Structures are given as C-alpha cells and as structure tokens.
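Engineer: model this:
(2 chains)
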There are 2 protein chains.
Amino acid sequence: MTLSRKPLKGMRELTPARKRVEDYIIKRLRDAGLAYGFEEYETPVLEPLELFQAKSGNELAVKQSYNFTDKGGRKLIMRPELTPSVARMVAALGELIYPVRWMSFPVCYRYERPQRGRVREFMQFNLDILGVSGLQAELDVFLVLRRIMNSLGAAPGQYSIRYSSRRLASEILGSCGMTEEEMAGAFALIDKKDKIKPDEWEELVRKTIRDERNAETIMEFASCGDPDAPWLCEAAGGTEAYTEIVKFSGMLKDAGITEARFDASVVRGLDYYTGIVFEVMDTGGENRRAICGGGRYDNLVGMFGGQKVTGVGFGLGLLTLELFLKTYDLVPDGISGKHPADIFLAVYSDEERDFAVNLAEKLRDTGVSVEIDISCKNLSKQFKIAGRKLIGYSAVIGPAEVASGRITLKNMTSGTQTECEVSEISRILMDKNLEGESD
Amino acid sequence: MTLSRKPLKGMRELTPARKRVEDYIIKRLRDAGLAYGFEEYETPVLEPLELFQAKSGNELAVKQSYNFTDKGGRKLIMRPELTPSVARMVAALGELIYPVRWMSFPVCYRYERPQRGRVREFMQFNLDILGVSGLQAELDVFLVLRRIMNSLGAAPGQYSIRYSSRRLASEILGSCGMTEEEMAGAFALIDKKDKIKPDEWEELVRKTIRDERNAETIMEFASCGDPDAPWLCEAAGGTEAYTEIVKFSGMLKDAGITEARFDASVVRGLDYYTGIVFEVMDTGGENRRAICGGGRYDNLVGMFGGQKVTGVGFGLGLLTLELFLKTYDLVPDGISGKHPADIFLAVYSDEERDFAVNLAEKLRDTGVSVEIDISCKNLSKQFKIAGRKLIGYSAVIGPAEVASGRITLKNMTSGTQTECEVSEISRILMDKNLEGESD
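Structural biologist: Numbering: from 1, shown residues only, chains lettered A, B, ... in the order given. A predicted model of the protein is given here:
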C-alpha cells in the first residue's frame, strides 16, 4: 500500500524553515506577556463537549468543531478556543492570588472550510486577566497588544486596535425594546458590517430587521466611530455603559495608545462577552480577518458553581498575525533559513573521528552548536552538505589538526580562513555570533 | 447547569507552577538538540487513521488510540506517537539536505488506563537523524541523550542507556527456524522481561513457546548483558548483526559513554524498528517505565512510494523524565514558585496612575518585567498581593515619588530598601537578577 504524503487539509505541518518564523513570532508574544508579569499555563486539547456547548454557543461547539464519542461513551470536543477551559481551571483552583495574569499558546481545532487565514488546526496566543472589574485590566491588555505589535516592527498606521462595548450595544438595542434573541441577531448583523460591501450590508439589515426604526438604530449605532458622536451621546448619554466607554477612551489617550480607536461595529462573535470588546485589524485591505479578538466576560467562571470571577482577555491567531507581518514585509530576512549550528566539523577519515567527536563535545559544553559529519563521505561532499545547510563556519579535522592541535576556521560566506588553537575556537565563534544579529 | 471543574481523566492541565517545571525540562531538551544542530519542526495532531495502522501496528493505532470519523467521513486518529508523521513529511519534501537532524515536541494521545507515568494526553520530545545508514548516527543520538541527562543534573549511576539490536534478535531467533509471526511473539515476550518477576517471566516463556529449544534460546538471548558473552558469540558470531553490535559497543567506549550498556532484553514495542534499539531507564526501582525509547528504522520513509531513507531516533516522555527527576530530587527548588515579574509597582492613588503606567512601560522597554497594580485597592492590600505572588522587588508610586522622580526599591525577601532615581531602577534590578540564579 502506498500512503498519502500529504497531511489532512487545513492541518498544521511546519517544516523547520516555517517553524523558525513561527518561533520568531512566539518569542515576541511570550516576551510581551512576560514584560507584564503574565504566567504561562496549559489546558487539554480534549474537553467534554458540554463545556463548549454551554460557553461558546452551539454553532461553534457543535457545527464548527471536531467532536466525537470516545471508547468510554464520553462526548468529547477538540477545543475550538481556549477561554472556557481557562474559566474551568480558575474555578477549580481556589487558592489563586488575584489579579491572575495568565497566558497560553493553545493549538485549537475548527471544522471549517480552509481559506486565507483560516485553517482547521491553528495555534493561538491567549492572554487573560482575572479578578479585576475595573478598566485598568483592559488598559493593561491594550498595552500588551501594542507592545506585541511594536516588537514585531508594526508601525501604528498599519494596524488598529478597534474597541467597543457589548454593554453599550445592549443598552441601545434594549432601549428600542429588542428582546435578547433579537439582540443576538442584531449583533450577528453588526459583526458582518466590515465583511461585506456597505450597500450590501444596509440591504441585509433592512431585510433582516422588520422594524424600520430598529434597523435605523442598528445602522446608526454601528457607524459610530467616536464615543463623542452626537447620535451616540443622545442615544446613550448618562447610562453606565456610555460613561464607561467615554472613561476608557480617555484612559487610552492618557496612556498614549494612539493605535486604539472606538468603533461601534466591533461586537466579536462569542456569546460570553459582557463589557468592552476589541480586535486588532490590519488597516490595509489585504487581511480582512481580525489578528486578535477579545473582551470582558463577567459570568464565565461563576457558571462552575463557585465564586463569580470577572475576566478580560483575548485570543490572537498566529497565522493571521504571520500573514499581516508578511503583508508589510516585517519578517526579517534570513530567519527561515537560519541553521542552528554555529560550525560544521568535517572529518578527514575514521582515524580522526574520536578526536573530532571529543572536540565537538567540548565546544558544545561551552555553548557552541556543532554539527559533525556523520555521513562518512569524502571531504568535498561533506563541505557541500555544510554549504547547502548554510552553516556559518566549518573546519576540517585531519591528521595535521590532530597532531598540532591547531585548526583552520573557515567562514563559509566570505571564504576567509582563521588558524587558531582548539581552545580558542569557542571564543572566536561566540565573538563572531555577537557581531551578527542575535535573536 | 453546573459544569464539572475537572479536566477529563489523564489529560494535560498545567498550572503556571507545573508549567514552569515543564519549561525547565523543555529548555534543556531543546538546548541539547540545538547543541548538535537539530532543527525543530511540527506535524499535525490529527492524522489519517491508515497512516498509523500501516506504521505503528493495529494494537496502538486502533485499540489504544483516540480515533473517530469526521463530518466529511474521514477516518482520523489523534496521533499516539510522532514517527510515522515524520516519515510522511520527509517523504513529501524532496529537496531535503541529508543528514536531516530534526526534533519536535509533539503532544500525543493514547486511550489507556491512566497510572503512574502513563496518561492519555502527553508531551514527548522526538529527535531523529535521517539519511545516514552508518552507526555514527546512533552515536550522535546517544551523545544527545547523555547531554540531556547531564544538563538535568542526573548522575551516571542513576540511569542507563540500554541498547540492543533488532537485527541481532531476528538473526538468532530466525536461525532457530522461527517464522516472522513467532518472532513477533518472542519480541513481545522479551519486552516483558523487566516488567514482571524473573520466575514469572520464565514460566510465561515456557508456557507461550511450545518448542523447548526455542524457549531456551529466548531466555539465553534475553539474559545477555554483554556483546562478548560466550553464548551470544557462539550463537551469532560472524553474522553482520553481531559484528555491528560489537563495533557499536566499541564506539560507545571510545566516546566515553559509560552510561550505555548492552542488554539483549531491549526490543522496544514498535513494529518499525530494524537495527539498534535503545531506551533510557532509571537504574533504581522507583520508575519502571522507560524515560525514552528509540531505534533505527530503515523502511519507514520508503513506504510512501518515494526513495528509501533510513532513520534513527527516539521519543522521550516528558512526564516519565519529570518523575525520574523528582525521584532523585533534581528539580531545582524555587522553580515552580518563581514569578516572572521582577518588580511590583504599587500605586498610591488614581492621581499617580499615569506616571506609574508610564514608568512601567519605560522599564519594560529596557527588559524589566513589571507587574503594576490594577486592583485599585489600598496600599497594604496591594503589598499583600505582591508578597503572595513572591515578586522580588516592589516600589510605591505616590505624590512624593511623582514630585521628586526618586523611588524606593524594596527587597520583598530581606525588607531592605534602596532609594534611587527612576532612571537607575532598571540597572539596579538587572544587577540583582544577575546575582541570583539565571535560567
């Protein structure tokens, strides 16, 4: 039987070259979280189906997920997102010290048709603050987002952090007399606003919402791009939700987060958000999927029957972020091709092998990465391997080197050669590495 | 509805404290691989069931796995191990530069009854060399294993790298006239040798193997602990497999890998091994499951219909390794409790918040990890939070600090206080960090 060489459609298969690009991104995400004292944790890929049915809504948990019954008759789901698991974990750990600042890099699964920026198996960066009801939590999360984008070289004009408030939206739609169900429908409509053409969207709203006044309200609200917009001020001024969004807008200004802007059309798809919601978007036209989406959820932890714990957090898709970086040419050249080895040791013959292996081990003890020849081919073939792997330096271990204890370091790019004592190799290579860019 | 707060049985749920211990281990595994020029890659968790049925054998692929049919009618498996996916990926990538040195940290799944060292969702460290048929590849892999154990503080007497040869075993059992099927049965018996009591094992062999001479051969072979053992020399001397194991044994001696020892009872459970097989075992009685198992597989890549590519590699269970480290008290104190933040900034009142946020951002720009208060509670409660989180330093930002630009750094362990300029904080904290242990 000949088996297929391809992974299943939409699955994550990363060659070393692609993995290096992902690692470049992961390091900057993790470092941004660490800068604010976030701690890393992990939850399982496999979860009880009911956890996600209760938390994420049926559409995501059942229709768009990989779910199945295991050999023990349990209904399981491969997590489509992380937040319900975090809430479950926080509910279980009674002795937590709030505010909890947690981050994680889950691989998640959705059974959807793969397209640009959307696959079936994907890594997210999740970051949450739990146990703080005030807006300082949201501010900290926005600071982390800005630091992430900065550290990846994104300029303020290339992306925006768009935010709105679920509470404000509920306030305004509720004051028109909409029921919970009608509101959910209205949120779904608002969520579509930036995904289709303006006139198509208007038509869709008018067709879906029978009550003409309600349709107008939805369209007016969704087009507000400033908390001080007269329509919004008139519609919601004086309500707690409105006061909150005006206050938050001021806090963002004070903290100098110029990348953030109010946009009432941001609602985010998940059922559990209750306050500020936000997303990071490419401001250009290339990438229409949000790089990151998040918000405040007040009722998630309490549903496990313990104390109520409020939270605010986001999920950031590494693939959408990578597409954004590539659009603006922000992935540094040479990362994908960068081989880990600092030096390649070519071995002249079996006679010198023990000496070479021993030398390699000593170099590794000092922190040098050494790839030694194990092909046992002739020297010219060994060098061809080292050259194609783009390893920076090489040296031959032959009878002369064994006898003298001196070796010749060859710079594989420039071709220049440096003769030195075996004991000097490590220092020379480390110096050379410091000259180049470090990651 | 009240949902369960527990993850499913046997699943990986890591609190930050446990994750820090795992990260300590992962860093040392990754660094050991990097020291030899190994590159990291990733393959999907979800794979076609037939890939594992063909490669790992039916027992593992069907009975001990999570497998199901997806919405599109595909028969899928959550990978129980990594090697078949690596072989598939290598077969697909025509342009690889051999020798390929690859490593990965897959999370794998097995539907088995959880017990000490065995869970249903687990992380492995996989490392493979592809495209080298000579024993230098095995030697390099053994060097990596020794470096891993050394870097984790394991002493040579605490573990051993036991190795044998599938080829040698096949040679000896084949020369008795055993069929392929009988040999597979014999391997399964040999694999059980160290898992039950010696007399129980002997009884099992005699009961299972009807032919008395064959039963004797199995018992004699499995008890060989030296390639020079007279019985082994007589039974297999002169065969290629015997010559190979003697040569490899010499190479290990020359390289000074004293932790390695020949043990013919090592066969490893997987169907695809064809040459040297090995495992890392705790030499004490506490941990009976192998920390790591691996071997050479000559026919795995070719089954995808392309060129034949030989490989040698291992899978190492992070959980079994962690249990080993805990048995010998090798997880350094303080790792699990080590909070990422270098300093906690307490905020006197809302008046000083902008100043504090700004200062925190500047410190973060210089590489300092800062947790700022977002609880907006009184100072004594803020300090209580910082103290319970075990953050090393703290400072209050109040009216005096804002006015003078001088702050007081407090060492949270010793209680000593240092007054300094805002611009000096970063340097002082970095110096303090260098004094402590770094990771």
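
Engineer: which bits of the stretch 251-400 of chain A sit near chain B?
Structural biologist: A:254-255, A:303-306, A:339-341, A:353-354, A:357-358, A:361, A:364, A:368-372, A:374-376, A:385, A:388-389, A:391 (CB under 8 Å from any CB of the partner chain). Using the backbone N, CA and C atoms, a C-beta is placed for each residue, glycine as well.

Engineer: which of these fall within helices?
Structural biologist: A:Asp254, A:Arg353, A:Asp354, A:Val357, A:Asn358, A:Glu361, A:Arg364, A:Ile385, A:Arg388 (DSSP state H).

Engineer: between those residues, identify the one with the most neighbours.
Structural biologist: Most neighbours among those, by other CB atoms under 10 Å in any protein chain shown: A:Val357, with 24 neighbours.

Engineer: not counting its neighbours along the chain, what's nearest that residue?
Structural biologist: In this structure, A:Val357 finds its nearest non-sequential neighbour in B:Ala255, 5.6 Å apart by CB to CB, 6 or more residues apart in numbering or on different chains.

Engineer: show me what contacts the one you found?
Structural biologist: A:Asp354, A:Val357, A:Asn358, B:Leu139, B:Phe142, B:Leu143 (CB atoms under 8 Å, 6 or more residues apart in numbering or on different chains).

Engineer: and if you look at A:Gly315?
Structural biologist: Contacts of A:Gly315 by CB under 8 Å, 6+ apart are A:Glu81, A:Leu82, A:Thr83, A:Gln124, A:Phe125, A:Asn126, A:Cys292, A:Gly293, A:Gly294.

Engineer: remind me which helix or strand the fifth one belongs to.
Structural biologist: So the one you mean is A:Phe125. strand A:121-130 (DSSP states H and E).

Engineer: that strand near chain B at all?
Structural biologist: Yes: using CB under 8 Å from any CB, strand A:121-130 reaches chain B at A:Glu121, A:Ile129.

Engineer: and for A:Glu212, the neighbour number?
Structural biologist: A:Glu212: 9 neighbours (other CB under 10 Å).

Engineer: next: A:Gly313.
Structural biologist: 22.

Engineer: the one helix or strand it maps to pairs with which strands, parallel or anti?
Structural biologist: Using DSSP H and E, A:Gly313 falls within strand A:311-317. Using DSSP bridges, the strands paired with strand A:311-317 are strand A:121-130 (antiparallel), strand A:292-297 (antiparallel).

Engineer: keeping just the C-alphas, turn it into CSV.
Structural biologist: The C-alpha trace of strand A:311-317 is given here as CSV (Å, rounded to 0.1, in the frame of the first residue of the first chain):
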residue,chain,number,x,y,z
GLY,A,311,-12.1,38.4,33.4
VAL,A,312,-10.8,40.2,30.3
GLY,A,313,-8.7,38.6,27.7
PHE,A,314,-8.0,37.8,24.0
GLY,A,315,-7.1,35.1,21.6
LEU,A,316,-4.6,36.0,18.8
GLY,A,317,-4.2,33.8,15.8
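
Engineer: give the rounded mean pLDDT of it.
Structural biologist: In this model, strand A:311-317 has a mean pLDDT of 97.

Engineer: continuing past it, what's the next helix or strand?
Structural biologist: Counting by DSSP H and E, the next helix or strand C-terminal to strand A:311-317 is helix A:318-327.
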